[in-house]
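In: I would like to see how this sequence folds:
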Amino acid sequence: MIPKVAGWKPDRVSELTDIVGKEGIVGVVDVAGVPAKNMLDMRESLRGMLTMTMAKKSLIRIAWKDAGLTEEDLEAMLEGAIQPCVVHTDSLNCYELFEELEKTRQGRAAKDGEVAPNDIIVEAGPTEFGPGPIVGEFNAVGIPAKIDKGAVAIQKTVTVVNKGEQIDGELGLMLSKLGINPIEIGLILIGVLDEGDVLSASDLDLDTDGLRDNIVIANSGAYNLACNIRWFTPETMPTLLSKASSEALSVAIEAGVVNSETASLFISRANARVLAIASQLDSSALDEELAAALGAAAVSNAAATASEVAEDGGEAPAEVEEEEEDEGGFDGLGDLFG
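Out: Numbering: from 1, shown residues only. Have a look, this model is predicted:
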């Protein structure tokens, strides 16, 4: 007797065949353990970006074969999927698809008998609970607790469940009270088929921040190297020209070459030397213009010194009384000519 096939199955296979045969990215996600309400919220957040079709593995295999795709590729994507769901998108690339699906991940409280995906660690420290029977409840499930400063505190950091071990229902409840929800749910991508290539979720999990930093570092290193070896490009030319101009100016100054660029520097240098010499002479030897210039320089230096002292928080040095000049001392340029 030929078994009767449910009427909806051929329609679902035909629907799946059309989906996996279309252009774009085809992937398999695992939706095991996702509550109905959470599933509706997740699908709503992805509306317009991709389509999701729930089906049994057997129907997915038939549709995959009917679409002319390699069965080995499908088995690689179905491996590890407890409750598979076929997704398809023609608006996202495979990396963008992975990133959008990762946003649906969220934690929930562990139920009795569920397997810990990772080591479950309870950190030592205070809790928000006041004194009461909850202290005994924590200790009963292996979480060392006591009353400290009027509140319940975890005495020491402890691993209550190791990765791969089953979680007791009472422990799961107490972990939830501490805000530890170890069971991760979401539209967890297992793998995708992109232009004939099968990529696993680990292949799509890119460290974009690290990649961006590496690109910045590589760009900076390449730029410095190009400048040091004098590699002429539109990017390095401004820096190379600026460096060449600065070096040429230094050479011209040292060689005493007078031109429109160096003349002002030579004049400033000569003026500074004149003021230095004038500061060693008696005031009667100076004309009005030179005395005014020397006085302005002295005022400027005094202001700078006072500013530095104020910044250091110290006191300005006391003025020293000028010694009386000897009668036979130098008394102006007139003494030089008798």
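In: Can you show me the helices along this protein?
Out: Secondary structure of the chain (DSSP state H): helices at 8-21, 36-45, 57-66, 71-78, 94-102, 134-140, 169-177, 201-204, 208-228, 237-255, 263-278, 288-312.
In: Nearest to Ile121, out of those helices?
Out: For Ile121, the closest of the helices of the chain is helix 169-177, at 10.4 Å, according to CB to CB. (Each C-beta comes from the backbone N, C-alpha and C, glycine too.)
In: export that closest one as PDB, just CAs?
Out: Extracted in PDB, the C-alpha atoms of helix 169-177 (Å, rounded to 0.1, in the frame of the first residue of the first chain):
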ATOM      1  CA  GLY A 169      16.100  23.600  37.200                       C
ATOM      2  CA  GLU A 170      16.500  25.200  40.600                       C
ATOM      3  CA  LEU A 171      19.900  26.400  39.700                       C
ATOM      4  CA  GLY A 172      18.600  28.000  36.500                       C
ATOM      5  CA  LEU A 173      16.000  29.800  38.500                       C
ATOM      6  CA  MET A 174      18.500  31.200  41.000                       C
ATOM      7  CA  LEU A 175      20.900  32.200  38.200                       C
ATOM      8  CA  SER A 176      18.000  34.100  36.600                       C
ATOM      9  CA  LYS A 177      17.500  36.000  39.900                       C
END
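In: What are the contacting residues of it?
Out: With contacts defined as CB atoms under 8 Å, 6 or more residues apart in numbering, helix 169-177 is touched by 109-114, 120, 122, 129, 134, 137-138, 140-143, 160-161, 181-182.
In: Show me which positions of it end up buried.
Out: Going by neighbour count (16 or more other CB atoms under 10 Å), the buried part of helix 169-177 is Leu171, Gly172, Met174, Leu175.
In: Please apply the same query to stretch 81-95.
Out: Buried residues in stretch 81-95 (16+ other CB under 10 Å): Ala81, Pro84, Cys85, Val86, Val87, His88, Thr89, Leu92, Cys94, Tyr95.
In: Pull that stretch out as CSV, backbone CA atoms only.
Out: Only the C-alpha atoms of stretch 81-95 are listed here, as CSV (Å, rounded to 0.1, in the frame of the first residue of the first chain):
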residue,chain,number,x,y,z
ALA,A,81,20.9,22.8,13.3
ILE,A,82,18.2,21.5,15.7
GLN,A,83,15.3,23.4,14.2
PRO,A,84,16.4,24.6,10.8
CYS,A,85,14.9,27.5,8.9
VAL,A,86,15.8,28.6,5.3
VAL,A,87,16.6,32.3,4.8
HIS,A,88,17.0,34.1,1.5
THR,A,89,18.1,37.6,0.7
ASP,A,90,18.9,39.5,-2.5
SER,A,91,19.5,42.8,-0.7
LEU,A,92,22.3,41.8,1.7
ASN,A,93,25.7,40.2,1.1
CYS,A,94,26.6,37.2,3.3
TYR,A,95,28.5,39.3,5.8
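In: and the residue most central in space within the chain, how far is that from Ile215?
Out: Compute the mean C-alpha point of the chain, and by CA atoms, centre = their mean the closest residue is Asp209, 5.3 Å away. Distance, Asp209 to Ile215, using CB to CB, to the nearest Å: 11 Å.
In: Equivalent analysis for Ile147, please.
Out: Noted for Ile147: a distance of 54 Å to Ile215, by CB to CB.
In: Among these two, which residue is more densely surrounded?
Out: Neighbours per residue, other CB atoms under 10 Å: of Ile147 and Ile215, the larger number sits with Ile147, 13 against 10.
In: what's the closest non-adjacent residue to the more buried one?
Out: Distances taken as CB to CB, 6 or more residues apart in numbering place Pro131 nearest to Ile147, at 5.0 Å, with adjacent residues excluded.
In: ok, how many other residues are close to the one you found?
Out: 12.
In: Let's see stretch 279-298 as PDB, backbone CA atoms only.
Out: Coordinates of each C-alpha in stretch 279-298 appear next as PDB, following Å, rounded to 0.1, in the frame of the first residue of the first chain:
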ATOM      1  CA  SER A 279      72.600  96.300  26.200                       C
ATOM      2  CA  GLN A 280      76.300  96.200  27.200                       C
ATOM      3  CA  LEU A 281      76.800 100.000  26.700                       C
ATOM      4  CA  ASP A 282      76.000 102.900  29.000                       C
ATOM      5  CA  SER A 283      72.700 104.600  28.300                       C
ATOM      6  CA  SER A 284      74.400 107.900  27.400                       C
ATOM      7  CA  ALA A 285      76.100 106.100  24.500                       C
ATOM      8  CA  LEU A 286      72.700 105.300  22.900                       C
ATOM      9  CA  ASP A 287      70.600 107.500  20.700                       C
ATOM     10  CA  GLU A 288      66.900 107.800  21.400                       C
ATOM     11  CA  GLU A 289      65.800 105.200  18.800                       C
ATOM     12  CA  LEU A 290      68.200 102.600  20.000                       C
ATOM     13  CA  ALA A 291      67.300 103.300  23.700                       C
ATOM     14  CA  ALA A 292      63.600 103.000  22.900                       C
ATOM     15  CA  ALA A 293      64.200  99.700  21.100                       C
ATOM     16  CA  LEU A 294      66.300  98.400  24.000                       C
ATOM     17  CA  GLY A 295      63.700  99.500  26.500                       C
ATOM     18  CA  ALA A 296      60.900  97.700  24.700                       C
ATOM     19  CA  ALA A 297      62.900  94.500  24.500                       C
ATOM     20  CA  ALA A 298      63.600  94.800  28.300                       C
END
